[in-house]
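In: fold the following, please.
(one chain, ligands or ions: 1)
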Amino acid sequence: MSAPAALGGVLAWLQQMLRPATGLPFPAVAHGTIALGTDAGIGSEAFQLDVTVDGVTIVGGDAAGVFYGCQALLQLLPPAIYRRAAVAGVSWTVPVCRVDDAPRFAWRGAMLDVARHFLPKHDVLRFLDLMAAHRLNTLHWHLTDDQGWRLEIKRYPRLTEIGAWRRESQVGAARDAPGDGRPHGGFYTQDDVREIVAYAAERFITVVPEIESPGHVQAALAAYPELGVTRQPQEVWTRWGISSNVLDISSSTVDFFRNVLDEVLELFPSRWIGVGGDECPQDQWRADPLIGERLAGLGLTSVEELPSWFVRRLDDHLTAAGRRVFGWDEILEGDLAPGTTVASWRGMAGAVAAARRGYDVVACPDDLVYLDYRQSESPEEPIPVAIPLTVRDVYAFDPVPPSLTAAEARHVLGGQANIWTEHADSPRTIDYLVFPRLCAVAEALWSTADRDFDNFWNRLQTHLARLDALGVEYRRSDGPQPWQRRPGVPGRPDTREQRAAHIARLVANIQV
Ligand code: ACM
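Out: Okay, here's the model as predicted:
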């Protein structure tokens, strides 16, 4: 195997992928049978893979392109290549071929919610490997919420001493669901985060951290009640849904979150930093006379403008540090700073509005790419929530709303699947929810718009053999295995019509 020094990391990674199953040494030599190189003329993340009877050449537009060419090489080998120890009786051959490939979108992401259920570091690293195998390049890491704060912040240790643990968790999605009586918790130390970010970077994945504000903060309020409107002691929330406990609107809460973000900036080199902004109940603000008095002084006319006001205060801080704010589409309900990037989750209304107003967009419409949603109409789906999203439904995802002009469409950076984990309390359940639907999302983000589902479905059957070799417990097309079911635990299914009507009400405030 050979590569210029600048590709030493990719070469080492490929050696590590090829050696275990084949049992072959793949030494680095001057002129290898597998040769890696770059040619800036090819374009960022693009590659050319040439397999001849003499060997394999992979040329990328940059190191990321070479990496994706290597991933393509693994896909051309027998699926057993993904096993971690020598496999006997396999002929390790690759068909003679030429592949010229490049991604359609620069943001090919997955959002992982580790707040509702903590995912141990080991499983985050495994998830990054699975993302990379699917040529996804952005992990939107949802680190804080009402039910848990998962990131060590040195200046405010109670965020994880108190905020990373909850007494119990609601079982299922029914409004009157009981608690399970079992404590849940966990957090990542700053050393863990540095390791995860570096591991991701070696796989050309950017980790975009998200610190929620000014709603979805009850875990922070449990640690520091003075941040809340009521200042009352709270526990880390044990229910699912949206807590009504939100941040006070004051310079001290803004300062607190700016200080948190300063540590976040040290840990995460990402250009984008997530600040939340979604689903912020305004009842406590309305009920508080002091907040009513402060509004005019802040130049605002109603409490509805407060979430985007808060996000703008963080934006000033992040922009000054050379970063860009990444927030959910509710922030379009107020004024935004130029350079803000909007995650459109309530369907595509936010994508259309943001692109027309000149903001960059990451599309993640709930009715296509929310991978916590049930996978079929079958009552055997575990804790079935929202609408059914089959592999075919998800494959139809296109991040670019058809109503945009070509100039507006350039604001669409790409898209991502969102993996919320209220009802995914283990890596096994995440596997079941995510695969193979994430394979469909990955292809929708990489490939051209003229894709054919039947063709994908046929290729997916081969790909499932790769997932088997990788040890991924994906959902089989005939439904959940007995151990993947949750008999007796109610979900909260919707029809498409109910969901569409609900989303239409939610986005009514967005100005196009
Ligand atoms: C969201 O699903 N609340 C972004």
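In: residues of this structure that sit close to the ligand?
Out: Within the chain, the positions adjacent to the ligand are 278, 279, 328, 345 by C-beta under 6 Å from any ligand atom. Heads up, the C-betas are built off the backbone N, CA and C, glycines and all.
In: and the furthest pair within those residues?
Out: 279 and 345 (9.8 Å; C-beta to C-beta).
In: what residues do those two have in common as contacts?
Out: Here residue 279 and residue 345 have residue 328 as joint contacts, going by C-beta atoms under 8 Å, 6 or more residues apart in numbering.
In: neighbour count for the two, which is higher?
Out: Of the pair residue 279 and residue 345, residue 345 is the one with more neighbours under other C-beta atoms under 10 Å, namely 26 against 18.
In: and that one, its phi and psi?
Out: phi -110, psi -30 (degrees, to the nearest 10).
In: do I have it right that it meets residue 330?
Out: No - between residue 345 and residue 330 there is no contact under C-beta atoms under 8 Å: 9.0 Å.
In: and the residues of the chain next to the ligand, which is closest to residue 337?
Out: residue 328 (15.6 Å).
In: what pLDDT does the model give the closest residue to that closest one other than its chain neighbours?
Out: Distance criterion C-beta to C-beta, 6 or more residues apart in numbering; nearest residue to residue 328, sequence neighbours excluded, is residue 278 at 3.5 Å. With respect to pLDDT, residue 278 scores 96.
In: now the end-to-end length of stretch 16-34.
Out: Across stretch 16-34, the terminal residues are separated by 14 Å (C-alpha to C-alpha, to the nearest Å).
In: buried residues, that stretch. List them.
Out: Across stretch 16-34, burial judged by 16 or more other C-beta atoms under 10 Å covers 17, 18, 21, 22, 26, 32, 34.
In: how about those in TSV, adding distance to residue 140?
Out: Below are the buried residues of stretch 16-34 laid out as TSV (distance: C-beta to C-beta, whole Å):
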residue	distance to residue 140
17	25
18	30
21	32
22	35
26	34
32	37
34	33
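In: in those residues, find the pair that's most separated.
Out: 21 and 32 (18.8 Å).
In: circling back: joint contacts of residue 345 and residue 330?
Out: residue 278.
In: next secondary structure after the strand or helix carrying residue 309?
Out: Using DSSP states H and E, the element containing residue 309 is helix 306-320. Heading C-terminal from helix 306-320, the first helix or strand you meet, by DSSP H and E, is strand 324-328.
In: got the angle for that next one vs helix 306-320?
Out: 160 degrees (axes from the mean of the first three to the mean of the last three C-alpha atoms, to 10 degrees).
In: what comes into contact with strand 324-328?
Out: Against strand 324-328 from outside (C-beta under 8 Å, 6+ apart): 140, 208, 210, 271-279, 311, 314-315, 318-319, 337, 339-343, 345, 350, 362.
In: so which of those residues sit within helices?
Out: In helices, judged by DSSP state H, the following of those are found: 311, 314, 315, 318, 319, 350.
In: what is the burial count for the second one?
Out: Burial of residue 314, expressed as a neighbour count using other C-beta under 10 Å, amounts to 23.
In: pretty sure it contacts residue 256?
Out: No - look at residue 314 against residue 256 with C-beta under 8 Å: they stay out of range, at 10.9 Å.
In: sorry, back to before: packing partners for the helix holding residue 309?
Out: strand 206-213, helix 251-267, strand 272-276, strand 324-328 (3 or more C-beta pairs under 8 Å, 6 or more residues apart in numbering; DSSP states H and E).
In: hey, which of the ones you listed is tucked in deepest?
Out: strand 272-276 (a mean of 26; mean count of other C-beta atoms under 10 Å).
In: right, and the helix or strand after that strand?
Out: Downstream of strand 272-276, the first helix or strand assigned by DSSP H and E is helix 283-287.
In: and the helices in the stretch 401-512 of the chain?
Out: Assigned by DSSP state H, counting those that start in this stretch, the helices in the stretch 401-512 of the chain fall at 406-409, 427-434, 437-446, 453-470, 496-506.
In: and residue 79, which of those helices is closest to it?
Out: With C-beta to C-beta as the criterion, residue 79 lies closest to helix 453-470 of those, at 4.0 Å.
In: buried residues, the closest one. List them.
Out: For helix 453-470, the neighbour count (16+ other C-beta under 10 Å) marks 456, 460, 463, 464, 466, 467, 469, 470 as buried.
In: hmm, residue 439 and the second one touching each other?
Out: Yes - Residue 460 is in contact with residue 439 according to C-beta under 8 Å; the separation is 6.3 Å.
In: overlap of the contact sets of the two?
Out: Joint contacts of residue 460 and residue 439 (C-beta under 8 Å, 6+ apart) are residue 391.
In: contacts only, for residue 6.
Out: So residue 6 contacts 38, 63 (C-beta under 8 Å, 6+ apart).
In: how near is it to the ligand?
Out: Residue 6 sits 39 Å away from the ligand, going by C-beta to the nearest ligand atom, to the nearest Å.
In: same thing with residue 133?
Out: Taking C-beta to the nearest ligand atom, one finds residue 133 at 26 Å from the ligand.
In: for that residue, which non-adjacent residue is spatially closest?
Out: residue 71 (6.2 Å).
In: measure the one you found to residue 176 for me?
Out: As for residue 71, its distance to residue 176 is 47 Å (criterion: C-beta to C-beta, to the nearest Å).
In: least confident of the buried residues of stretch 16-34?
Out: residue 32 (90).
In: ok, it touching residue 1?
Out: Yes - at 4.1 Å, residue 32 and residue 1 qualify as touching, with contact defined as C-beta under 8 Å.
In: where in the stretch 101-250 of the chain is pLDDT low?
Out: Applying pLDDT under 70 to the stretch 101-250 of the chain flags no residue at all.
In: which parts of it are helices?
Out: 121-133, 158-161, 190-202, 218-223.
In: out of those, the one nearest residue 389 is which?
Out: Closest of these to residue 389 is helix 121-133, at 19.1 Å (criterion: C-beta to C-beta).
In: so which elements touch the closest one?
Out: helix 63-76, strand 107-113, strand 138-142, helix 190-202, helix 427-434, helix 453-470.
In: contact partners for residue 113?
Out: Per C-beta under 8 Å, 6+ apart, neighbours of residue 113: 142, 145, 418, 419, 420, 421.
In: just name the closest of those residues to residue 475, please.
Out: residue 419 (13.7 Å).
In: what sits against the closest one?
Out: Per C-beta under 8 Å, 6+ apart, neighbours of residue 419: 110, 111, 112, 113, 371, 372, 430, 433, 434.
In: swap in 6 Å and give it another go.
Out: Contacts for residue 419 (C-beta atoms under 6 Å, 6 or more residues apart in numbering) come out as 112, 371, 434.
In: count the neighbours of the first one for me.
Out: So the one you mean is residue 112. 27.
In: on that earlier part again, what pLDDT does the residue nearest to residue 133 get?
Out: pLDDT, residue 71: 98.
In: and if you look at residue 449?
Out: Confidence score, pLDDT, at residue 449: 83.
In: is the nearest residue in space to it that is not next to it in sequence part of a helix or strand, or is it coil?
Out: Nearest residue to residue 449, sequence neighbours excluded (C-beta to C-beta, 6+ apart): residue 398, at 6.1 Å. With DSSP: H, G, I helix; E, B strand; the rest coil as the basis, residue 398 sits in coil.
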